[in-house]
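[1] Here's a sequence, model it:
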Amino acid sequence: MYIGVDLGSRTVKMAVWDGERLVEHRIEPSGFEPHRQAEKMIADYRAKVVVATGYGRHLAAEHFADAVITEIKAHARGISHEFPGCATIVDVGGQDSKVISLDAAGRVSNFQMNDKCAAGTGRFLEIMAASLAYTLEEFGRAALTADQEVQINSMCTVFAESEVISMKNRGIAREEIARAVHSSVADRLAGMLARIGHGDPVAFSGGVARNPCMVELLEKRLGARVLVPELPDITGALGAALHGTGM
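    Purely as a prediction, here's the structure:
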């Protein structure tokens, strides 16, 4: 067994690869000590190699991992397995967002990362959803039902939340505000993609890829179909496990 563990800011993801296919995966909250959570998750498996990625990868290497791989390379490996020939990846996680260009062999040729601000991340969407009294699962579906769209001018989480509150107090329908929030994130991601010069096809990884409105808005802005893996949350963990097969 080859195990990949993605120790993220919000969750720990595990992927177990038996040499031919994905046989198990798990997602658990990171908690205060994500490496301890990861150790519990892999405890029942006899792994040939454990490869860690994500924010906590170096701490994992100190305690149990045989090797580490950057999130950029892990997502590139995972998406290249899911969608051979993919040229570009959008990865939106809890605390950062990344856009990655791949060459014909699936290697990273360029990337851009937003990790200094919550804007354009899963955390931003989570805060905005709570402000509008939606669960995350409801948020994207509600945004798709909006008849028209208002505009949010600020991408700072604090100021954007203030704008949302102001819109609510002006009587603007919450699904229209939800659509505006999603549009602001899609605009930011499209801008990042433009700066690295994206190619087709584009794949969407990370937990936010489960949001149907984000997928639709990205497709509209890019003028291309956006591919979403069946399990977008574990793309990094899968890539780490696949990396382990070459060790």
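[2] Can you name the helix or strand that the closest residue to Ala146 other than its chain neighbours falls in?
    Counting by C-beta to C-beta, 6 or more residues apart in numbering, Arg179 is the residue found nearest to Ala146 once chain neighbours are left out, at 3.8 Å. Where you see a C-beta, it was placed from the backbone N, CA and C, and this is true even at glycine. Assigned by DSSP states H and E, Arg179 falls within helix 174-196.
[3] Output the contacting helices and strands for that helix.
    strand 88-92, strand 97-102, strand 108-114, helix 122-131, helix 136-144, helix 157-169, helix 212-222 (3 or more C-beta pairs under 8 Å, 6 or more residues apart in numbering; DSSP states H and E).
[4] Tell me the first helix or strand C-terminal of that helix.
    Sequence-wise, the next helix or strand downstream of helix 174-196 (DSSP H and E) is strand 202-205.
[5] got a list of contacts for that next one?
    75, 78-79, 82-83, 86-92, 193, 214-215, 218, 222, 224-229, 232, 235-236 (C-beta atoms under 8 Å, 6 or more residues apart in numbering).
[6] okay, the helix holding Arg179 in PDB with CA atoms only?
    Extracted as PDB, the C-alpha positions of helix 174-196 are listed here (Å, rounded to 0.1, in the frame of the first residue of the first chain):
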ATOM      1  CA  ARG A 174     -29.900  36.700  -0.300                       C
ATOM      2  CA  GLU A 175     -29.500  34.400  -3.400                       C
ATOM      3  CA  GLU A 176     -28.500  37.500  -5.400                       C
ATOM      4  CA  ILE A 177     -25.900  38.400  -2.700                       C
ATOM      5  CA  ALA A 178     -24.700  34.700  -2.700                       C
ATOM      6  CA  ARG A 179     -24.200  35.000  -6.500                       C
ATOM      7  CA  ALA A 180     -22.200  38.200  -6.100                       C
ATOM      8  CA  VAL A 181     -19.900  36.500  -3.600                       C
ATOM      9  CA  HIS A 182     -19.300  33.600  -5.900                       C
ATOM     10  CA  SER A 183     -18.700  36.000  -8.800                       C
ATOM     11  CA  SER A 184     -16.100  37.900  -6.800                       C
ATOM     12  CA  VAL A 185     -14.200  34.700  -6.200                       C
ATOM     13  CA  ALA A 186     -14.500  33.500  -9.800                       C
ATOM     14  CA  ASP A 187     -13.100  36.900 -11.000                       C
ATOM     15  CA  ARG A 188     -10.100  36.500  -8.700                       C
ATOM     16  CA  LEU A 189      -9.400  33.000  -9.900                       C
ATOM     17  CA  ALA A 190      -9.900  34.000 -13.600                       C
ATOM     18  CA  GLY A 191      -7.400  36.800 -13.000                       C
ATOM     19  CA  MET A 192      -4.800  34.500 -11.600                       C
ATOM     20  CA  LEU A 193      -5.300  32.100 -14.500                       C
ATOM     21  CA  ALA A 194      -4.900  35.000 -17.000                       C
ATOM     22  CA  ARG A 195      -1.600  35.900 -15.400                       C
ATOM     23  CA  ILE A 196      -0.100  32.400 -15.900                       C
END
